[in-house]
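Undergrad: A predicted structure for the sequence below; I have some questions about it.
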Amino acid sequence: MVDILNTAIRGLMAFRAGMATTGHNVANVNTPYFSRQRVELGATTPEKQSYGYMGTGVNVESVTRAYDDFVMKQLRGHTSGVSQYEELNDLTNQLSALLGDTDVGLTPDLEAFFGSLQDLADSPTSITARQVFLDEGETLTNRIQDIDDALNSLRDSIDTSITNTVATINDYSQGIAEVNRAVAQAADSDTNPPNDLLDRRDKLLVDLSKLAGIQVVAEENGALNVFLSNGQPLVVGINTQKLVAVQSGFDPGEVTVRLEGQAEGSDLERYITSGELGAYFEFRRTILNPAQDGLGLLAMGLAETFNEQHQQGMDLDGNLGEALFNVGAPRVLSHTTNNDDNPAIFSAALNNTKERYELSFSAASNYTLTRLSDGVIVASNFTLTNPLTVDGVTVELSSGATVTDGDRFLLQPTAHGATATSYNGNNAGSDVVFQAKALPVADSSNLARSDYEILTSGVASRATLTNAGNATISTPTIADLDDENLTNTVRIRFTNATTYDVIDDTRGVTLASGQAYTSGATIPATGDYNGWNAAITDGTSPIQAGDTFIISAGYTVKRLSDSQELLSSGDLTALNDVMRDEGLHLALRGGPAQYGDRFLVQPTRLGSANFEMALADPRKVAVAAPITTTATATNLGSGVISAGNVIDSSRMELQNRVEIRFTSDHTFNVFDLDTDAILDKGVVFPPLVAQADADNSGTAGITAPAIVDYEAERLRNTIEIRFLSATQYEIVDVTTGDTLTPAGGSPYTSGNAIDLNALDSRYGSTFQISGAPVAGDRFEIKSTTSNAISYNGWEVNITGEPHGDIIASPGSENTGTGTIEKPLITDYQADNLTHTVKIRFTSATAYDLLDMTDNGVTISAGNIYTPPGGAGLGTVTPPAGYGWTVDINNDPQAGDEFIVQNDGDTFQIKSNQGGIGDNRNALELVKLETTPQLLDGNDFRGVYAQMIAEVGAQGRRVENTLQSQEALLQQSELSRESISGVSLDEEAANLVRFQQAYQAAAQVIQTSNSMFTSLLEAVKG
């Protein structure tokens, strides 16, 4: 029979558990992440009676919590987002306030600096104005340093926050592991969940997600494994993997994060993208670094442009200007994991479009490269490799050319266009030995506000510029990544069209000689060279002896500001090409770089930190221009010379007296009067230039035209050379529309002279194209519209129509009937073309020639004159070097004289010594205020304004994202609250319900007791 008492007692206990659970819920109504619990009741097993099954009461089966795993996952994710953007918002607001503060920001100081400069231009002789200018410059540099210090303080606080956050993450991870242990132990002894432990773990997970984005994976025993967003473990069961805050592999002054015990280079910074820790990394990478780089760019731009212009001026004492500012240089940081054995070290500098270098040989294979601006030997006692890349300059040895002990070469990478090399006339080696690859006309104007990471990512290959054929080489495949010589520089040099040698220039050893060449075949046929294989494939122009292909380290470059990959496995030349486009040139020391080596380039990071005034003496402020120009008053033409400007203040001969004398209306000579040197002769005016079309696909280049006939009728017509194929070209006179070559074109041979004058004597020039063109390539020769003339470090412009001529006249006291014709110029390059020569007759049939420019020295005596006697003119030809002939007719007598002289316009350039009232250089400095000098065409104010605007834009982006994340978090919290939250009204109702049930169960017990008592009394009775 059913035991009524036990049934009632079971109910009493169940309802008491319900009331206890309700009380527990009420007690934790304000406990963070507490999940509402409920008692799960179930009927006990019924007893079978004759009339059916009779219930025996109720049991408490379990106490469960109201919980949704998906909602908690969303909650953790949105918590990470809100924490990330709250921290980002706070940091961005700090930075924005710093840059935009009128008391701390830079704008007022820039205004004052440029204002003092304008005052100086208005009062060039004033010492007071000069001192005020220097004082304002000092204030400006101090303010930039102060802002940089504040940015560094913010950077230091981020490092401290990273360190503290990592410690807190480890504490939370340890707490989660301990709860996992307790949960696992509970699971071993009971199947019911330890709800409050699970809630405690949920809170730890949410707290952890505030610091970093996490992924959570459950185990069967109830433990939770916790991973960072990239899958790196923090908690696995009861074990933890600690994070450690460590010095960056690139910069010891910067903190990053990795797992404890992992090797250098395994930093996790790029994978931690949310939570407070993600905010610190994102702010540093995307907001603070560009801002500090922008400040450095501003400092570098000010220093570079002002120093350049100031050094082109003259101070109160007549000396050339000095540097106005000192500034930090670009830096390249090597990663700590890079190869330590003969490590590769990069250095970086702003592109310098004016550097000149001397390359000299102490032996046929050993060179010294000297930078002429400061006399620094940038490389010495190295074996010549081809190409040679050093100090940001690449030169290549022409195919088949040689060098000899003592040979010297002047390298001017940007002096005259795309390629330019001057060589010493005493060199014993073959002529035109080197081609110098030009630096683009870029300096701080191309610098981006970004860092760059360079990775040695493999092996690269290329054909040299001087190859006669146009065969191509494949990108090498790596056969042995562990080969210690993998990235050595190796030359594959063809000894003829069918065989080649393989030379390891890094080690100075020959890897193979006389190898048979098959187009497209793998090199080498078996095995590998230094761990790589490659293939060379014929082009349309056959391989020739001397053609060379280079295998070397391959570099990948990433611009960190936008994560754009600028280069993928390019060689050192390609690396420099890419970095020059970013405003830098790189120089490699040591090495070669080994596979996996990493480098961080920071072009402007140190610019603002080391920005200071270099000048303190107001007399040294270079307000005046160092040169002045004049046109001779007796000039016959309409030519006008500009005031001139300095383009290279390092030239010692800058202030020498120079004369430009026109020998014809279209040619002039240039003389340095202080050194009695001819600087140039037979210069075409306006000059002829040759250039390749920007859309050319081939590798061919064109030389400047050589003038054969200066008076040729069509010398200045625009000529276009059009390649019909790789081996045929046609020449078209664009000015007239005439085609000068035969139908179908003329055959092309690389390096052969193309003689326009031979095709048509009205064109008067020759030129040369070398390399491998392709069909559609075009080259142009034309008379430039620029009349710029530059020598000795200055540049002037002559406009209008100057007059030039060589004239002849008889002496005023001549007694004979002799007359003289107009001289004919035979050599516009003659050294003495502008000298005045006297023809003095010693008899009717003999004459002497005297150089009156050279103090009347006799240059030719006893020359026989045959009177024409009606048969023609007597021709007078001076010795070589004078460049003219002249005819005399009729009968001169002894003592008669004739003068041949230059009648050309002359222009002078000389020192401006004493011109202290001159303010031309100050005016040029004033122009810098509003002239676009820096990236994206910004002036100095524009760069700073752009910095503030971009930080503000980032701040608005962060604020908007924060609002979105907060809304999402609020939704997640509401969802969780609706599922897991404690409702006091509901709990009060539950309490009443359980209380009533409890009272009812007690009444059942009381009734049962009364029934039992009645039964006992009945039995007794």
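TA: Structure's in. What do you need?

Undergrad: Helix, strand or coil: sort out the nearest residue to Asp733 once chain neighbours are set aside for me.
TA: Nearest non-adjacent residue to Asp733, counting by CB to CB, 6 or more residues apart in numbering: Asn717, 5.3 Å away. The C-beta positions use only the backbone N, C-alpha and C, and glycine is treated the same way. Three-state assignment for Asn717 (DSSP: H, G, I helix; E, B strand; the rest coil): coil.

Undergrad: wait, Asn717 sits on Thr736?
TA: Yes: the pair Asn717 and Thr736 qualifies as a contact (CB atoms under 8 Å) at a distance of 6.6 Å.

Undergrad: between those two, which one's more packed in?
TA: Shown here are Asn717 and Thr736; by other CB atoms under 10 Å, Asn717 has more neighbours (18 against 12).

Undergrad: Which residues are in contact with the more buried one?
TA: The contact partners of Asn717, by CB atoms under 8 Å, 6 or more residues apart in numbering, come to Asp733, Val734, Thr735, Thr736, Tyr763, Lys782.

Undergrad: do that again at 7 Å, thanks
TA: Each residue near Asn717 by CB atoms under 7 Å, 6 or more residues apart in numbering is listed here: Asp733, Thr735, Thr736.

Undergrad: With respect to Asn326, which of these is nearest?
TA: Among these, Thr735 lies closest to Asn326 (CB to CB), at 52.4 Å.

Undergrad: ok, how many other residues are close to the closest one?
TA: Neighbours of Thr735 using other CB under 10 Å come to 14.

Undergrad: How is it assigned, secondary-structure-wise?
TA: Three-state call for Thr735 (three-state DSSP): coil.

Undergrad: Which per-residue confidence value corresponds to it?
TA: On pLDDT, Thr735 comes in at 93.

Undergrad: For the closest residue to Thr853 other than its chain neighbours, give its distance to Gly883.
TA: Spatial nearest neighbour of Thr853, chain neighbours left out: His835 (4.0 Å); criterion: CB to CB, 6+ apart. His835 is 10 Å from Gly883, where distance means CB to CB, to the nearest Å.

Undergrad: out of the two, which sits in the busier spot?
TA: Shown here are His835 and Gly883; by other CB under 10 Å, Gly883 has more neighbours (23 against 19).

Undergrad: That one contacts Ile825, correct?
TA: Yes: in this structure, Gly883 is within contact of Ile825 by CB atoms under 7 Å, at 6.0 Å.

Undergrad: what's the overlap in contacts for the two?
TA: Residues touching both Gly883 and Ile825 (CB under 7 Å, 6+ apart): there are none.

Undergrad: Name the surrounding residues that touch stretch 521-533.
TA: Applying CB under 7 Å, 6+ apart, the external contacts of stretch 521-533 come out as 459, 476-481, 483, 485-486, 488, 490, 492, 502, 504, 511-512, 534-536, 551.

Undergrad: Just those: which are in strands?
TA: Among those, the residues falling in strands (DSSP state E) are 459, 477-478, 490, 492, 502, 504, 511-512, 534-536, 551.

Undergrad: next one: stretch 837-845 to chain centre, how far?
TA: Centre-to-centre, stretch 837-845 and its host chain are 69 Å apart (CA atoms, centre = their mean, to the nearest Å).

Undergrad: List the buried residues for the strand or helix carrying Leu1016?
TA: Using DSSP states H and E, Leu1016 sits in helix 984-1020. For helix 984-1020, burial by neighbour count (16 or more other CB atoms under 10 Å) applies to Glu987, Asn990, Leu991, Phe994, Ala997, Tyr998, Ala1001, Val1004, Ile1005, Ser1008.

Undergrad: dump the residue contacts of the second one.
TA: It stands for Asn990. Asn990 neighbours (CB under 7 Å, 6+ apart): Gly18, Thr22.

Undergrad: By mean pLDDT, which helix or strand of this structure comes out lowest?
TA: When each helix and strand of the chain is scored by mean pLDDT, DSSP states H and E, strand 421-423 comes last, with a mean of 35.

Undergrad: And the contacts of the one helix or strand Gln908 maps to?
TA: For Gln908, the host element (DSSP H and E) is strand 906-911. Residues from elsewhere that reach strand 906-911, judged by CB under 7 Å, 6+ apart: 626-632, 635, 641, 644, 655, 657-661, 794, 796, 798.

Undergrad: Try it again at 8 Å.
TA: Contact partners of strand 906-911, identified using CB under 8 Å, 6+ apart, comprise 318, 626-632, 635, 639, 641, 644, 655-662, 792, 794, 796, 798.

Undergrad: do stretch 556-565 as well
TA: The contact list for stretch 556-565, computed with CB under 8 Å, 6+ apart, reads 285-286, 289-290, 448-455, 457, 566-570, 575, 578-579, 582.

Undergrad: Show me those that map onto strands.
TA: Filtering the contacts of stretch 556-565 for strands - DSSP E - leaves Tyr452, Glu453, Ile454, Leu455, Ser457, Leu566, Leu567, Ser568, Ser569, Gly570.

Undergrad: separation between the third one and Leu572?
TA: Read it as Ile454. Ile454 sits at a distance of 11 Å from Leu572 (criterion: CB to CB).

Undergrad: Need the residues touching each of those two.
TA: Tyr555.

Undergrad: Hmm, Thr495 is touching Gln515, no?
TA: No: applying CB under 8 Å, one finds Thr495 not in contact with Gln515, separated by 9.4 Å.

Undergrad: what sits in contact with each of these two?
TA: Going by CB under 8 Å, 6+ apart, residues that sit against Thr495 and also against Gln515 are Asp501.

Undergrad: Which one's more surrounded, those two?
TA: Remark: of Thr495 and Gln515, Gln515 carries more neighbours, 18 against 15, as counted by other CB under 10 Å.

Undergrad: The more buried one - that's part of a strand, no?
TA: Yes: with three-state DSSP as the criterion, Gln515 is assigned to a strand.

Undergrad: how does this structure divide into domains?
TA: 4-66+984-1020, 71-287+935-970, 627-685+788-804+904-911, 688-783, 806-902 (automatic domain parsing).

Undergrad: Give the rounded mean pLDDT of the first one.
TA: When pLDDT is averaged along domain 4-66+984-1020, the result is 82.

Undergrad: residue ranges for the helices of the chain, please.
TA: 4-27, 69-100, 107-122, 127-189, 195-211, 275-282, 289-310, 572-581, 756-759, 920-927, 940-980, 984-1020 (DSSP state H).

Undergrad: Tell me which residue is most central in this structure.
TA: Closest residue to the average C-alpha location of the chain: Glu582 at 2.6 Å, with CA atoms, centre = their mean.

Undergrad: Do you know the pLDDT at that residue?
TA: For Glu582, the pLDDT comes out at 78.

Undergrad: which of the residues in stretch 183-203 are buried?
TA: 183, 186-187, 193-195, 197-203.

Undergrad: same thing with stretch 105-119?
TA: Quick answer for stretch 105-119 (16+ other CB under 10 Å): Gly105, Leu106, Thr107, Asp109, Leu110, Ala112, Phe113, Phe114, Ser116, Leu117, Asp119.

Undergrad: Out of those residues, which is nearest to Gly607?
TA: Nearest to Gly607 among the buried residues of stretch 105-119: Leu106, at 13.5 Å, using CB to CB.

Undergrad: mind listing what the closest one touches?
TA: Leu99, Leu140, Arg143, Ile144, Ile147, Leu298, Tyr944.

Undergrad: Which of those has the largest number of neighbours?
TA: In those, the most neighbours by other CB under 10 Å go to Leu298, 30 neighbours.
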